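[1] Requesting a structural model of the entry that follows:
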Amino acid sequence: MNLEQMFMARQAWNVFRENHPKVPAFIDAVQEKGYCEGMEIAIAVRYPDGDVHKAGIRVTKEDMEILDSMRSMR
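    As a prediction, this is how the structure comes out:
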């Protein structure tokens, strides 16, 4: 990712945060409590037509490394 792409991604994130302030607050609350092995991360997407897609994972020790690296990118 070059500098211009990073700048554009940062601008897009700022707009997203303004439009959806609960998302960063949610992420901050989860990070404040911390991640731990055995916790469950779940996501659901509901479409206007009523279709729902769900997924979830149980965090493993190996997942913790990935979550830590994602946190450092923020």
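[2] Every contact and neighbour count from this point should use C-alpha atoms.
    Fine.
[3] how many other residues sit next to V45?
    Around V45 there are 11 other residues, counting by other CA atoms under 10 Å.
[4] now swap in E32 and tell me
    Close neighbours of E32, defined as other CA under 10 Å, add up to 9.
[5] Spell out the secondary structure type for it.
    With DSSP: H, G, I helix; E, B strand; the rest coil as the basis, the three-state label of E32 is helix.
[6] Phi, psi for V45 please.
    Note on V45: backbone dihedrals following degrees, to the nearest 10 are phi -120, psi 120.
[7] correct me, but it touches V52?
    Yes: taking CA atoms under 8 Å as the definition, V45 is a contact partner of V52 at 5.6 Å.
[8] So which helix or strand of this protein has the lowest pLDDT on average?
    helix 61-73 (a mean of 81; mean pLDDT, DSSP states H and E).
[9] just the CA coordinates of that one, formatted as PDB?
    What follows is the C-alpha trace of helix 61-73 in PDB, where atoms were taken according to Å, rounded to 0.1, in the frame of the first residue of the first chain:
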ATOM      1  CA  LYS A  61      -4.000 -19.200  20.700                       C
ATOM      2  CA  GLU A  62      -2.900 -18.800  17.100                       C
ATOM      3  CA  ASP A  63      -5.800 -16.300  16.500                       C
ATOM      4  CA  MET A  64      -4.500 -14.100  19.300                       C
ATOM      5  CA  GLU A  65      -1.300 -13.300  17.200                       C
ATOM      6  CA  ILE A  66      -3.500 -12.100  14.300                       C
ATOM      7  CA  LEU A  67      -5.700 -10.100  16.600                       C
ATOM      8  CA  ASP A  68      -2.700  -8.500  18.200                       C
ATOM      9  CA  SER A  69      -1.200  -7.500  14.800                       C
ATOM     10  CA  MET A  70      -4.600  -6.000  13.700                       C
ATOM     11  CA  ARG A  71      -4.700  -4.000  16.900                       C
ATOM     12  CA  SER A  72      -1.300  -2.600  16.200                       C
ATOM     13  CA  MET A  73      -2.400  -1.400  12.800                       C
END
